[in-house]
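K.L.:
Sharing a model prediction with you, sequence too.
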Amino acid sequence: MLRLVNGAWIFLPGVTGTAYLWCPLDINKFTKSDNTDDNKISGGFRILYRDSDAAGNEAQVTARLGYRTPSGHNWAGPEWASAPGVTGNTASYSFLFHDMQPGLYSFQVTLTRTNTIDDPAFSGIDFFHWTPPIPGL
């Protein structure tokens with residue numbers, strides 16, 4: 001359904017529908033990012049994408065963080081969706097606060113298009129750290 005072109009996943013010519021990508025992360029409850037030992041995701045993620053129909057419903061990219069345990073799959077936050085988006089190559093930020101759980105973490109990314117004219121694309125996801133503003137500064 002998809003092909004990788006210039007670092008972005010796009011639909012093959014003539015193909016419509018929804019494609020699912022699972023992007024595994026090398027993090028778990030025991031990953032330590034600092035000396036607080038709290039193992040929280042406190043910030044958000046940036047998704048690099050293209051929504052070729054802007055505010056329309058014919059093309060869309062979604063992303064959602066989740067983790068898998070022996071008992072099943074769990075979502076770790078709300079779904080981010082590109083519509084209404086903007087055309088062109090876009091970076092969007094979504095805030096995410098989550099206490100890490102034992103399990104295998106990944107993002108589920110979907111690319112959807114209902115016609116062969118639109119050309120949504122997905123290039124990647126990374127995390128950023130968010131520091132709350134200090135009152136009075």
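P.N.:
Sure thing, it's come through. Numbers count the residues shown, from 1 in each chain.

K.L.:
Listing request: residues of this structure with sub-threshold pLDDT.
P.N.:
Where the chain drops to pLDDT under 70, the residues are 28-43, 83-89, 91, 93-95, 97, 128-137.

K.L.:
Quick check: bridge partners of the residue positioned nearest the centre of it?
P.N.:
The geometric centre of the chain, computed from its C-alpha atoms, lies nearest to Ala63 (C-alpha atoms, centre = their mean), at 3.4 Å. Note on Ala63: beta-bridge partners by DSSP bridges are Trp80, Val109.

K.L.:
Could you verify my assumption that it touches Gln108?
P.N.:
Yes. Judged on C-beta atoms under 8 Å, Ala63 makes contact with Gln108 at a distance of 7.2 Å. Every C-beta, even on glycine, is put in place using the N, C-alpha and C of the backbone.

K.L.:
Contact partners for the residue nearest to Leu12 when sequence neighbours are not counted?
P.N.:
The shortest distance from Leu12 to any non-neighbouring residue, by C-beta to C-beta, 6 or more residues apart in numbering, is to Arg3 (5.6 Å). Residues near Arg3 by C-beta atoms under 8 Å, 6 or more residues apart in numbering: 9-12.
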